[in-house]
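# Fold the following and give me the result.
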Amino acid sequence: MKSESLWQDSDEVYWLPALSLPTLLWARPFLPMMGLPRALVEQPEVWEPLYAKAVVEHETRLQMQNWAHRMQGERGELLRQVITKALFDLAAQLGQEVAIDLERWVRRHFLCNEVTSALSAWRLVLRTACYPPNSRCNQIPPPAVLVPILPQITNLVSFERINEIYVTVERVAPPLLDEQVPHETMEHCFEATLVSQAATQALTIKALQTIASKLNDQERKEVVKWALVQEATLIYSRDQQKLCRDKYLRIEPPCFDVPSVFDLPSPDDTKSG
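Coordinates of the predicted model:
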């Protein structure tokens, strides 16, 4: 998969709102639990002017172009150019690894439907395993290799923890602007939903990484075999096996190997060419 093909017109709704999260004062307490690069969590002020500059450039270029007659993919290409420049600027200050991690963080939590579905399914399966034995009619006993690990992941997948995140975020998130109220069904801003989603998914990823780090290949296969059976009893859908087998039961986070804008020439190189 090429980096250019990862930029779709429809991605526009997520990229800039997601990248705004480290700049929001009310969201600062949640940054450590959202899976963001540590350097950005510790120094979010570095990203603020870079993000603001990207937003201005994006809006300016949108206004300058006649989008009524645009070709498919042009908005995605514009978005790629703007965000690429912002990420290269971030790399100049905090390092390329931080910038790549931020780019993949957005894809992981907001742009990949497979990841979202898989993490939701794994969360439900692992939560069921953490319940007391024989306390649910559809509970399949987890394999012996998983049982000692369950106490370490219970608070990462429990309904109470997830609900606490959503309630806390909604308590501090700003309400919708007056001009948005007639057009939105949500009570709080879109960014509040993104914060809750990222934090919830990051906890599930941590649970999967914890399991993967403590088991060998054969033991992980046992867990996957059990998880698929448990999933079938919980998810009443024709589209079962959302777990994607062992694809996300690993130490590396989802989308860790997705191509990056840094695989392409830098914006300065493009201009000089």
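# wait, doesn't Q197 sit right on F110?
Yes - judged on CB atoms under 8 Å, Q197 makes contact with F110 at a distance of 7.3 Å. In short, each C-beta sits where N, CA and C put it, glycine included.
# After the longest helix seen in the chain, heading C-terminal, what element do we hit next?
In the chain, assigned by DSSP state H, the helix with the most residues is helix 190-214. For helix 190-214, the following helix or strand on the C-terminal side (DSSP states H and E) is helix 217-234.
# quick one: that next one to chain centroid distance?
24 Å (CA atoms, centre = their mean, to the nearest Å).
# which other helices and strands contact it?
Counting by 3 or more CB pairs under 8 Å, 6 or more residues apart in numbering; DSSP states H and E, the packing neighbours recorded for helix 217-234 are helix 113-130, helix 190-214.
# L50 reaches A86, doesn't it?
Yes - at 5.1 Å, L50 and A86 qualify as touching, with contact defined as CB under 8 Å.
# low pLDDT regions in the stretch 101-250 of the chain?
Within the stretch 101-250 of the chain, the segments meeting pLDDT under 70 span 177-187, 235-240.
# let's see it at 90
134, 136-137, 175-189, 234-242 (pLDDT under 90).
# sorry, back to before: and the helices and strands packed on helix 217-234 as TSV, adding distance to R245 and mean neighbour count?
As requested, the helices and strands packed on helix 217-234 are exported to TSV (distance: least, CB to CB, whole Å; neighbours: other CB atoms under 10 Å):
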stretch	distance to R245	mean neighbour count
helix 113-130	10	20
helix 190-214	12	21
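# Of all those, which one is nearest V13?
Of all those, helix 190-214 sits nearest to V13, with 8.7 Å by CB to CB.
# same for the closest one, what does it pack against?
Using 3+ CB pairs under 8 Å, 6+ apart, helix 190-214 is in contact with helix 12-20, helix 113-130, helix 150-157, helix 159-172, helix 217-234.
# For the third one, name the packing helices and strands.
Here helix 150-157 touches helix 113-130, helix 190-214, going by 3+ CB pairs under 8 Å, 6+ apart.
# Just tell me which of these ends up closest to R250.
helix 190-214 (5.0 Å).
# Tell me how far the closest one lies from the chain's centre.
So, by CA atoms, centre = their mean, the centroid of helix 190-214 is 8 Å from its chain's centroid.
# Would you mind telling me which of L50 and A86 has more residues around it?
Counted by other CB atoms under 10 Å, L50 and A86 do not tie: A86 has more neighbours, with 26 against 19.
# Let me see the domain layout of this protein.
Per automatic domain parsing, the domain ranges recorded for the chain read 1-111, 113-250.
# Tell me the spacing between D246 and P175.
Distance, D246 to P175, using CB to CB, to the nearest Å: 42 Å.
# So those two - more neighbours on which side?
D246 (16 against 13).
# Once you drop chain neighbours, what's closest to the residue at minimal distance from the centre of the chain?
In the chain, the centroid-proximal residue (CA atoms, centre = their mean) is H109; its distance is 1.3 Å. Of all residues not flanking H109 in the chain, A198 sits nearest, at 4.5 Å (CB to CB, 6 or more residues apart in numbering).
# Correct me if wrong: that neighbour contacts P22.
No - A198 is beyond contact range of P22, at 10.9 Å (criterion: CB under 8 Å).
# Spit out the residues that contact those two alike.
Overlap of the contact sets of A198 and P22 (by CB atoms under 8 Å, 6 or more residues apart in numbering) consists of L36.
# give me the number of residues near C112?
For C112, using other CB under 10 Å, the count is 17.
# Mind jotting down where the helices sit in the stretch 1-150 of the chain?
12-20, 38-42, 44-64, 74-94, 96-106, 113-130, 150-157 (DSSP state H, counting those that start in this stretch).
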